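Q: pasted the sequence and its predicted model underneath.
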Amino acid sequence: MIFMLIGIALFFSLIGLFAVGALMGSLNEKARLAAEENAVLLTLKLADSPEFSCAKTGDNLGSCIDFDKVIHLKENSQKYEKFWGVRGIEIKRIYPSGNNIECTKENYPECDSITVFPSSSGTGVAGFVSLCRVEDLTQKKELKCDLAQIIVIY
């Protein structure tokens, strides 16, 4: 009789262990999905944040990133490293495409990609934006925009 009770107790404890394992696997999947959803939402909100957004000129420039601001942000990126809670942020000009040169203050605006926060690992989520800069054309400042992709790595 005692062996039967020990056997039943072991049987139910094994079932409990499998149930806990299945719950933990489900929680890990939910955490991964929540992190991915947060990265997608952050990608959409970054273009409208004050650190990235274009100056309001009266035009409705939704999802517009100011190229000048991002160049300066890259130079001071260590101050913002933990601000957005992501592993990396990259912006790549898609059209007109050039020679895929990393942007610095020296080669700006003749460059095509900006790595605001470098990341060696993680999953990237991308969104399309306008990458705009102000150009001085014969005593008149004009906004020049290109098509770009912002990639948030989480």
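A: The structure has been received and is ready for your questions.

Q: so residue 11, which state does it fall into?
A: Secondary structure state of residue 11, per DSSP: H, G, I helix; E, B strand; the rest coil, is helix.

Q: residue 5 versus that one, what's the distance?
A: Remark: distance between residue 11 and residue 5 (C-beta to C-beta, to the nearest Å) = 11 Å. C-betas here are computed from N, CA, C, even on glycine.

Q: now swap in residue 68 and tell me
A: If you go by C-beta to C-beta, the gap between residue 68 and residue 5 works out to 76 Å.

Q: pLDDT of stretch 19-29, averaged?
A: Average pLDDT, stretch 19-29: 83.

Q: list the buried residues for it?
A: For stretch 19-29, burial by neighbour count (16 or more other C-beta atoms under 10 Å) applies to no residue.

Q: contact partners of that stretch?
A: Outside stretch 19-29, no residue is within contact range by C-beta atoms under 8 Å, 6 or more residues apart in numbering.

Q: the strands in the chain, which residues?
A: 64-66, 88-95, 113-117, 124-137, 140-153 (DSSP state E).

Q: name the stretch among the ones you listed that sits most buried.
A: Mean neighbours per residue, mean count of other C-beta atoms under 10 Å, is largest over these for strand 64-66, with a mean of 23.

Q: helices and strands around that strand, which ones?
A: Judged by 3 or more C-beta pairs under 8 Å, 6 or more residues apart in numbering; DSSP states H and E, the packing partners of strand 64-66 are strand 124-137, strand 140-153.

Q: can you tell me the strand partners of the first one and which way each runs?
A: Strand 124-137 has the following sheet partners, assigned by DSSP bridges: strand 64-66 (parallel), strand 140-153 (antiparallel).

Q: give the rounded mean pLDDT of the shortest one.
A: Which is strand 64-66. So the average pLDDT for strand 64-66 ends up being 86.

Q: now do the longest one
A: Per-region confidence: strand 140-153 scores 85 on mean pLDDT.

Q: low-confidence ranges in the protein?
A: For the chain, applying pLDDT under 70 flags the ranges 55-62, 137.
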